[in-house]
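> structure for the following, please:
(one chain, ligands or ions: 1)
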Amino acid sequence: MNVKGMYRLVIVGGGTAGWMAAAALRRSFSALPYTVTLIESDEIGTVGVGEATIPPMIQFNDMLGLDENAFLKAVNGTFKLGIRFKDWSAPGSDYFHPFGVYGVDMGGLNFNHYWMRYQKAGGSADFGLFNPQTLAARANRFGRMKEINPNVPAVNYAFHFDASLYARYLRDVCVQRGVVRKEGRITEVQQDPDNGDVTAVVLASGERIEGDLFIDCSGFRGLLIEQTLKSGYEDWSKWLPCNRAVAVPCDKVDPLTPYTTSTAREAGWQWRIPLQHRTGNGYVFCDSYLSEETASDLLMQRLDGQAQAEPRVIRFQTGHRKQMWNHNVIAMGLASGFLEPLESTSIWLVQEAIATLQLYFPRGGITDTARACFNRAMLDAYTNVKDFLIAHYKVTTREDTPFWSYCKHMDIPDSLQFRLDSFRENNQPLVRPQDLFKEASWFAVLAGQGLMPQSYHPGADVMPDDEFRWRIQKVREGTTGLVNMMPGHEAYIAKTCASPH
Ligand code: FAD
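This is a model prediction of the structure:
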């Protein structure tokens with residue numbers, strides 16, 4: 001803290017993570033005596049990918065007081081109801097991981113158990129029939145139900161957007177709200193010779209920026225957390241072996257799908273993310289099985305529109321910093337770790353880091369306890385996401401390439417083995433309240449990949465057959481009815497949030 005009692009927060013990096021942190025911390029502590037300065041380098045730029053999100057992003061934007069339609073216009077955004085997984089369990093397979101649950105809870109039990117009873121009695125094997133997001137995605141429909149009919153249940157959604165436009169949008173919001181932006185390349189990081197804390201960063205221009213707490217959002221390089229403080233990196237690539245992505249935008253093609261598509265490929269998978277003005281594409285792969293050149297060629301051959309640029313390769317290592325808060329430096333975004341974009345969780349992990357910091361914000365100075373709590377909470381968040389991602393690779397029948405053979409036979413963490421065993425036996429994947437992915441997500445992915453539980457909760461058999469059949473029918477009709485109320489995705493965007501660009 002400086003002599004005037006002002007707490008100085010310095011954010012290093014102006015990618016999605018940096019601007020999200022700046023906007024949220026400025027907003028939540030605006031009444032306290034502290035300053036927020038963000039430093040970014042136009043010369044270095046941002047990673048420029050990260051276009052798909054998950055529903056908690058809505059709460060983040062709400063917390064910032066952003067108007068959703070204005071935000072979508074600014075970022076060429078579209079709506080996302082979930083992820084379509086093609087060829088994951090076997091070539092030709094196709095399933096959907098929707099946001100939100102299947103059916104409705106009946107008698108305090110998750111609907112998945114009732115669905116199993118229904119199916120064992122000869123009902124349809126298509127559990128997507130009980131999930132409005134899945135049905136709407138199949139029909140390319142979307143609408144916010146509170147606008148269409150406030151008396152029916154809400155439909156969960158998230159967004160696809162242009163990542164560089166989102167950072168720019170947040171930058172404008174931040175600057176209006178008093179965040180100080182400095183442009184320039186940091187060439188030196190200064191530390192207190194006694195305790196090793198970071199005291200200041202120095203730009204190529206010679207300008208020196210002092211701080212009390214530094215948020216390292218400098219991307220994969222981890223300028224403060226790793227290059228300066230040597231916090232160490234926990235490598236998870238034996239479980240999540242992909243370590244490269246090649247990305248390229250292409251012209252938009254119809255229809256404008258309200259979902260991300262993930263297609264399994266010979267040495268990884270390919271994403272397809274529809275935006276208002278273009279489609280984002282990428283091939284995430286492991287370079288032990290495929291060269292960067294071949295991956296780029298294959299991606300270019302597999303686009304469904306005209307490429308708008310040359311493919312760009314991004315290198316990464318899955319895992320996380322051993323200490324995400326070290327000394328007076330807190331890493332967020334790519335500086336803190338990376339789990340690959342299979343379930344669009346990176347931006348959520350930034351959100352989680354911000355929320356955790358808000359909980360332990362060092363009002364009277366940093367304490368070991370606050371640091372330990374933050375590190376524990378973030379490790380837990382990373383570990384949970386990691387297990388869910390690994391399940392996609394492990395639970396497969398594919399052995400048609402060396403990559404898939406490795407994934408199918410790899411050892412997995414005990415925590416995931418436990419979940420898989422418990423799901424297989426009794427349809428209970430061991431979900432805790434703080435976990436990001438709930439029962440419905442585990443069910444969608446594990447069952448979608450071909451792992452069906454052997455049994456279900458006995459409570460689902462209690463309801464008499466007649467009542468059970470009637471209620472199942474009602475749930476099915478309700479789901480279809482909800483989706484029929486929605487307009488087409490593109491028509492809804494044209495009406496509510498079409499971008500002028
Ligand atoms: P960056 O965007 O790399 O920003 C780093 C910042 O630090 C820049 O402003 C840079 O100028 C600055 N900087 C660095 N060094 C210096 C220096 N010396 N001096 C001054 N400034 C400096 N996330 C999702 O949620 N959904 C997705 O679908 C998704 N897809 C992804 C696909 C891929 C292939 C990858 C790699 C990531 C994906 N992500 C996704 C993650 C997402 O892109 C990132 O989490 C997000 O963009 C945050 O990046 P960042 O701000 O941490 O880093």
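> any weak-confidence spans in this structure?
Along the chain, the parts satisfying pLDDT under 70 run over 1-6, 31.
> state the phi and psi torsions of the residue nearest the centre of it.
In the chain, the centroid-proximal residue (Cα atoms, centre = their mean) is Thr345; its distance is 1.9 Å. Backbone torsions for Thr345, taken as degrees, to the nearest 10, come to phi -100, psi -10.
> and if you look at Ser237?
Torsion angles, degrees, to the nearest 10, at Ser237: phi -70, psi -10.
> that one against His320, yeah?
No. Look at Ser237 against His320 with Cβ atoms under 8 Å: they stay out of range, at 11.8 Å. For every residue, glycine as well, the C-beta is placed using N, CA and C.
> and these two? Which one has more around it.
More crowded of Ser237 and His320, by other Cβ atoms under 10 Å: His320, with 24 against 15.
> what helix or strand is that one on?
Using DSSP states H and E, His320 sits in strand 319-321.
> sheet partners, orientation included, of that strand?
strand 233-235 (antiparallel), strand 337-338 (antiparallel) (DSSP bridges).
> how far off centre is that strand?
In terms of Cα atoms, centre = their mean, to the nearest Å, the centre of strand 319-321 is set 16 Å apart from its chain centre.
> name the next helix or strand downstream of that strand, please.
Scanning onward from strand 319-321 (DSSP H and E), the first element met is strand 325-326.
> residues touching the residue nearest to the centre of the chain, list them.
Residues in contact with Thr345 (Cβ atoms under 8 Å, 6 or more residues apart in numbering) are Ile54, Leu339, Val385, Leu389, Leu436.
> how about a markdown table for these, with distance to the ligand, neighbour count and secondary structure added?
Converted to a markdown table, those look like this (distance: Cβ to the nearest ligand atom, whole Å; neighbours: other Cβ atoms under 10 Å; DSSP: H, G, I helix; E, B strand; the rest coil):
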| residue | distance to the ligand | neighbour count | secondary structure |
| --- | --- | --- | --- |
| Ile54 | 8 | 23 | coil |
| Leu339 | 9 | 23 | coil |
| Val385 | 11 | 21 | helix |
| Leu389 | 12 | 24 | helix |
| Leu436 | 12 | 17 | coil |
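> turn those residues into a markdown table, including distance to Val475.
Formatted as a markdown table, these follow (distance: Cβ to Cβ, whole Å):
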| residue | distance to Val475 |
| --- | --- |
| Ile54 | 25 |
| Leu339 | 34 |
| Val385 | 30 |
| Leu389 | 30 |
| Leu436 | 26 |
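> tell me the secondary structure at the residue nearest to Arg221 when sequence neighbours are not counted.
Leaving aside its chain neighbours, Arg221 sits nearest to Gln227 (6.5 Å; criterion: Cβ to Cβ, 6 or more residues apart in numbering). Here Gln227 is helix, with the state taken from DSSP: H, G, I helix; E, B strand; the rest coil.
> how close does Gln227 get to Gly280?
Here Gln227 is placed at a distance of 30 Å from Gly280 (Cβ to Cβ, to the nearest Å).
> near the ligand at all, stretch 80-97?
No. Stretch 80-97 does not reach the ligand (Cβ under 6 Å from any ligand atom); its nearest approach is 9.8 Å.
> could you export that stretch as PDB, CA atoms only?
Provided in PDB are the C-alpha atoms of stretch 80-97 (Å, rounded to 0.1, in the frame of the first residue of the first chain):
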ATOM      1  CA  LYS A  80     -25.000 -21.500 -27.900                       C
ATOM      2  CA  LEU A  81     -27.200 -24.300 -26.500                       C
ATOM      3  CA  GLY A  82     -24.400 -26.900 -26.100                       C
ATOM      4  CA  ILE A  83     -21.900 -28.800 -28.000                       C
ATOM      5  CA  ARG A  84     -22.500 -31.400 -30.700                       C
ATOM      6  CA  PHE A  85     -19.900 -34.200 -30.600                       C
ATOM      7  CA  LYS A  86     -19.400 -36.100 -33.800                       C
ATOM      8  CA  ASP A  87     -17.300 -39.300 -34.200                       C
ATOM      9  CA  TRP A  88     -16.200 -39.300 -30.600                       C
ATOM     10  CA  SER A  89     -17.300 -42.700 -29.400                       C
ATOM     11  CA  ALA A  90     -16.900 -44.300 -32.800                       C
ATOM     12  CA  PRO A  91     -16.700 -42.900 -36.400                       C
ATOM     13  CA  GLY A  92     -20.300 -42.000 -37.400                       C
ATOM     14  CA  SER A  93     -21.500 -41.400 -33.800                       C
ATOM     15  CA  ASP A  94     -23.200 -38.200 -32.900                       C
ATOM     16  CA  TYR A  95     -24.400 -36.900 -29.600                       C
ATOM     17  CA  PHE A  96     -25.200 -33.500 -28.000                       C
ATOM     18  CA  HIS A  97     -24.100 -32.100 -24.600                       C
END
